[in-house]
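In: fold the stuff below for me.
(one chain, ligands or ions: 1)
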Amino acid sequence: MSYGLLFDIDGVMVTSWQALPGAADAVAELARREIPRMFLTNTTSRSRAEIAAALGEAGFDVGPKEILTAAKLTAEYLAAQHPGKKVWVLNQGPIADDMTRVDLVDDPRQADLIVLGGAGAVFTHEALSAVFERMVTGTPVVAMHRSMTWSTSRGLSIDTGVYLEGLEKATGRKIKAVGKPSPRGFRIACDLMDLDPAQVVMVGDDMHNDVLGAQAAALTGVLVRTWKFREDALRQLQRDEFGPVPDHIIDSLADLPALLTELYG
Ligand SMILES: [Mg+2]
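Out: Below you'll find the predicted structure:
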């Protein structure tokens, strides 16, 4: 059976842009098998080219076009669902490279649609009030993801989800999110690989965002026991007889080639 792979980057391939043991060899081995692949990350602070360069320094041979950031997925989503709309983006970091097909405007008052990216210094009272004003009058708002926190070198920081929930409560309207764990993002990724979700295996260290999110979109979910992995969270999940659990669990990416051989030959 033909199948494809979706790799989470952080905590699976690298931590702080240093390769995890055996990860680069595993990715190279799977490349030799010519399995279609893409790399799926909720990162909004780096462009695809920057991520490809950082992965290259860590020993992975990955091209920018193989990387799907939340910004790129959002651009694909807008092209499919809201073509030709004028879009204002509130995001901390460079996104223009990954949103080339989107008609970006500088003023929220001129936008047909608003995109919330990753939170940061640009999420000011003024900017969020402008989003609120447009949202109240019915302008659709799309979020690149709805993560509550992100880890920085100084520790955990609040992310877009915190603002997003406040805006939803204040306006009584919903914001659609595209990045992990939204099924929208996973389906777009499968479409870009020209594969059905049932033919795609997602590998990640975040049980909720990567694995259960993928499974909810009908992909196969593989959990790795690296970085964010927590044994107690897994046991908690396994206690519920009818609840969702990962399709497969492996110690690290180094064990993925053997698992795939077992599953697909
Ligand atoms: Mg991860």
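In: what residues sit buried inside the helix or strand hosting Arg235?
Out: Using DSSP states H and E, Arg235 sits within helix 231-239. Using 16 or more other C-beta atoms under 10 Å as the test for burial, helix 231-239 gives Leu234, Leu237. No exception for glycine: its C-beta is placed from N, CA and C like everyone else's.
In: for the residue lying closest to Thr43 once chain neighbours are set aside, give me phi and psi.
Out: Counting by C-beta to C-beta, 6 or more residues apart in numbering, Thr43 lies nearest to Thr69, which is 5.4 Å off, once chain neighbours are set aside. Dihedral angles of Thr69 (phi, psi; degrees, to the nearest 10) stand at phi -80, psi 170.
In: what about Thr69, how many residues nearby?
Out: Neighbour count for Thr69, taken as other C-beta atoms under 10 Å: 31.
In: do the same with Gly120
Out: Look at Gly120: counted by other C-beta under 10 Å, it has 17 neighbours.
In: sec struct for it, please.
Out: coil (DSSP: H, G, I helix; E, B strand; the rest coil).
In: wait, it sits on Leu90?
Out: No - with contacts counted by C-beta atoms under 8 Å, Gly120 stays clear of Leu90, the gap being 9.7 Å.
In: how close does the residue nearest to Thr43 sit to the ion?
Out: 13 Å (C-beta to the ion, to the nearest Å).
In: could you measure from that residue over to Ala254?
Out: 25 Å (C-beta to C-beta, to the nearest Å).
In: cool, and Ala28?
Out: Distance, Ala28 to Ala254, using C-beta to C-beta: 11 Å.
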